[in-house]
Every structure is written in structure tokens, then in C-alpha cells.
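K.L.:
sequence unavailable; structure follows:
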Ligand SMILES: *Cc1c(COP(=O)(O)O)cnc(C)c1O
Ligand SMILES: [Zn+2]
């Protein structure tokens, strides 16, 4: 129970470098306030020599830890004893080679892959991280847990609480644009749900205060254990590609937990000699919530060996507040003003020679319609990755023959309001839901055909189409 264990919490600020045992519950370094990593003395741990060794686990799927798409990789996130791990079968995802979406993006057939994280138990990638956070909560004996959420984090924490009955959970959501599918999950899974008059950033600030005062375990992505679980999305992508490293991984950026986890996973695999090169990361912001794009692409903010220029960040947020600017996008899962993992994301961009792009809500919804028509579908935020690939093809940054993986972060059913507004072509609904966000066309709409309750007329409609 001390720093002699091979897993420890490690400050990301190189000028601090403090270490803390994994038995402590921390969401920032007590010494300097910066984000923490979970780090390992790999020399003292049984690391596989080859990623193919994980395939042997498939034969033991009757064991819950081998069934889990997170924990069958637990040698690469070795912070928890096996008997403490909390799993609900997360991480059963698929990587789909999508020719239809590839063609729309301007990619060659066989070059674009969609990683469906919507297949997780609560319908988003958040379950990869939540299983790790809830496991750590168990390790430290927490009874109460909380999160702030644009919807999917709360759905994920709520399902872990309802299925495992281990934690009493409070979720904080904003009063604005939470998607109905997500709100319905928190309510149905029985979590105490507090809807704050404000947006995600307001909810985030409040939940951090509440957790400090009440000793409640915080499950947002400032929790470094959560990001350990999200590393496994990378492992499963590589597994599906038979361990061949793609050229690009493209992911929507909100609070930047996923981007950060991906960068850490890739850096660790490289360091351990388990991959020989690192793919490039493209993080896609919604244009209405583009803090990372602004800072990285416009203001040239860089990781800078762990010493990013704070003055750039402070000036940017100062101007944002002075202008009263608030993030606004139909991709509510990435509607974030101040991404909590900003610095870790800068590190991920550094490690992967990564880039950041922004796409409009129109581009996001058109991409979403393509994913639906050519695949399993996804929620708006997820489609930002596909819209991003199309943009990067147009820019010539991605070549048609590059191997590209888009991470589809959430399930199609999360946000039916937006989907129906796009397809149904009801003018009033279209204007209210989409027009107010700058979406004015639905070129890929698949509208329902109204017809009288009359067989002759129904047959006419079918024959005409
Ligand atoms: C949380 C979420 C995101 C944003 O992920 P970050 O790790 O916060 O950048 C994107 N898409 C969906 C569906 C999400 O739930
Ligand atoms: Zn520190």
C-alpha cells in the first residue's frame, strides 16, 4: 500500500514530478494542481512480449475478466488486483471496414474503418473508462460517486451503479441541451440526477466542489484511472487490424479524455516495444466548441516537453469570458468550453504528430447520415470524426490510400431528436432543432412517406420508389 508498488500516480508536470500511491483518491496533483497519470514500473511487471499474446484470451471468454474488452488487456493497465475489478462486459466493440463511408470521404475502398464504441453497455465509449474508475472506487472503499456530464458519462456511471449495486451515484447535468436518450438512461438506472441551471462547464465546477466537501468519488475524466480504461480502445483497434498500426486515428474532441488516453496508450506501446511506429492522431472539434482547435492551430499552443505556455491559455479563456462566449453545437457530447484534459491532449498531439480540425454542425449531421446509411449509425458528436476525415482528404492531408480509423464514440439511439429533425423534413421541427444551430440543409435526408390508410395508395407509393 505504498510507493513501492509498481503502479503509482504521477504528476504530469515535469517540474513537479510528484508520485502518489494508487490507494489515494486524487483528481489533481496536491503539490502543483496539474493533472495526474497512472504510471508503472514496467520492469517489475509481467508485460507481454507480443500483442498477439492477447489473442489467447479469446478462448477463455467464460471468465468475466477475459470477456471484458477492457480487462483482457489488464497487463497494460495493471493497477488493480483481479479480485477488485468491476466489470459489466464492456468493450464488446467492432471495427467495420466501411466502403460506403470511405467513398463519401474520398478514401479508397478498404482504407476507412469505423470503430463502434456505441456497442458498449450504456451505448458510448465512456464504459471503457467507467469500469476502471469504478474499480478504483472499490479499491479505495468509496460508497458514493458523482460526475458532471453532457449525458454519456452520467449514463455510464448510472449503469455501473445499477448493475453492480456498489455505489450510490449522483449525476450532475446541465439544463440546456442534454440529449433525450442520455437523460432517460440516468433516470431509468435510478441515479440521483441533479439538473443545474447552466451548461456542462457549470456542472463540472459544481461537482468538483461537492466532491471535495463530501468525500464523494469523482468519475469525470480528470480521474486518471478512467483514462487507463479508455486506453483499451486503441488496443482493440489494433487487435481488429491484426496488430497492424493504421496511419491515422480520428476522434472527436470534447473534454479530451479520449484523445489523452489514446496518446498515452500509443506512447506506452511504443516504449514497451509492442508497436514499431505510432499512428497520427486527428482530433476533431465542433466549430461551435473549438477551444483546442483555436489554441493548437491558431495560437500555436504546444506540449513543449510538459511546459505549455500558460499565458496563451489564460489569455484565450480571458477573452472567451470577456466576450461572454459559450460553446454551442448540436454535437452536445463535445459542447465544452474548457476541456479539462487540455494539457494531456497536447501531449497526445506531440507524441503522435497530431493535428486538430473543426467541422460545422452541417458537416457533422451530413456525416452522421452517411454513417447511418452505410453502417451501424452514431450520435452527432461521433460523426465529427467522419466529417473530419472528409475535410482532411479535401485538404490533401490524408491520402486516399492511407489506413484511417474513425472512432464512433456513441450509439445512434442516444439523440433521436436530432436524427428525426434531419430526416423528417418537418419545417417547424427542422428550424427549431437544427436551423437555430446553423444547419439549413439535409442533403441525405431519408424522409418518411405519408400515405393514406389505403392499400391501393400504399402500393402506388411502393412501386414509385
Ligand atoms: C464524451 C464524448 C465525447 C468526447 O470525448 P472526450 O474524451 O470528452 O473528448 C465524444 N463523443 C461522445 C459520444 C461522448 O460521449
Ligand atoms: Zn505536481
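P.N.:
Perfect, thanks for sending it. Predicted model only: the values in this text are computed from it and were never measured. Numbering: from 1, shown residues only. Ligands and ions are numbered 1, 2, ... in the order given.

K.L.:
from residue 409, how far out is the residue in the stretch 251-400 of the chain positioned nearest to ligand 2?
P.N.:
Nearest residue of the stretch 251-400 of the chain to ligand 2, counting by CB to the ion: residue 306, 10.6 Å away. Every residue, glycine included, has its C-beta placed from N, CA and C. According to CB to CB, to the nearest Å, residue 306 stands 28 Å off from residue 409.

K.L.:
so those two - more neighbours on which side?
P.N.:
Neighbours were counted for residue 306 and for residue 409 using other CB atoms under 10 Å; residue 409 has more, 30 against 17.

K.L.:
what parts of the stretch 1-150 of the chain come near ligand 2?
P.N.:
11, 13, 16, 18, 29, 31, 32 (CB under 5 Å from the ion).

K.L.:
on the three-state scheme, the residue positioned nearest the centre of the chain is what?
P.N.:
By CA atoms, centre = their mean, the chain has its centre lying nearest to residue 258, at 4.6 Å. Three-state call for residue 258 (DSSP: H, G, I helix; E, B strand; the rest coil): helix.

K.L.:
identify the residues contacting it.
P.N.:
Applying CB atoms under 8 Å, 6 or more residues apart in numbering to residue 258 gives the contacts 125, 230, 233, 251, 252, 407, 409.

K.L.:
can you say which of the residues of the stretch 1-150 of the chain next to ligand 2 are buried?
P.N.:
Listed as buried from these are 11, 13, 29; burial here means 16 or more other CB atoms under 10 Å.

K.L.:
hmm, back to that, turn the contacts of residue 258 into TSV, columns for distance to residue 4, secondary structure and pLDDT.
P.N.:
TSV is the format used below for the contacts of residue 258 (distance: CB to CB, whole Å; DSSP: H, G, I helix; E, B strand; the rest coil; pLDDT from 0 to 100):
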residue	distance to residue 4	secondary structure	pLDDT
125	34	coil	98
230	27	helix	98
233	31	helix	98
251	36	strand	98
252	40	strand	98
407	37	strand	98
409	38	coil	98
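
K.L.:
going by distance to ligand 1, which of those residues wins?
P.N.:
The closest of those to ligand 1 turns out to be residue 409 (CB to the nearest ligand atom; 3.3 Å).

K.L.:
please report phi then psi for the closest one.
P.N.:
phi -80, psi -30 (degrees, to the nearest 10).

K.L.:
now do the contacts for it.
P.N.:
Contacts here follow CB under 8 Å, 6+ apart; on that basis residue 409 touches 117-118, 124-125, 152, 251-252, 258, 333, 378-379, 381-382, 385.

K.L.:
near ligand 1 at all, stretch 168-183?
P.N.:
No: for stretch 168-183 and ligand 1, the contact criterion (CB under 6 Å from any ligand atom) is not met; the two come no nearer than 8.2 Å.

K.L.:
quote the end-to-end distance of that stretch.
P.N.:
Using CA to CA, to the nearest Å, the end-to-end distance of stretch 168-183 comes to 18 Å.
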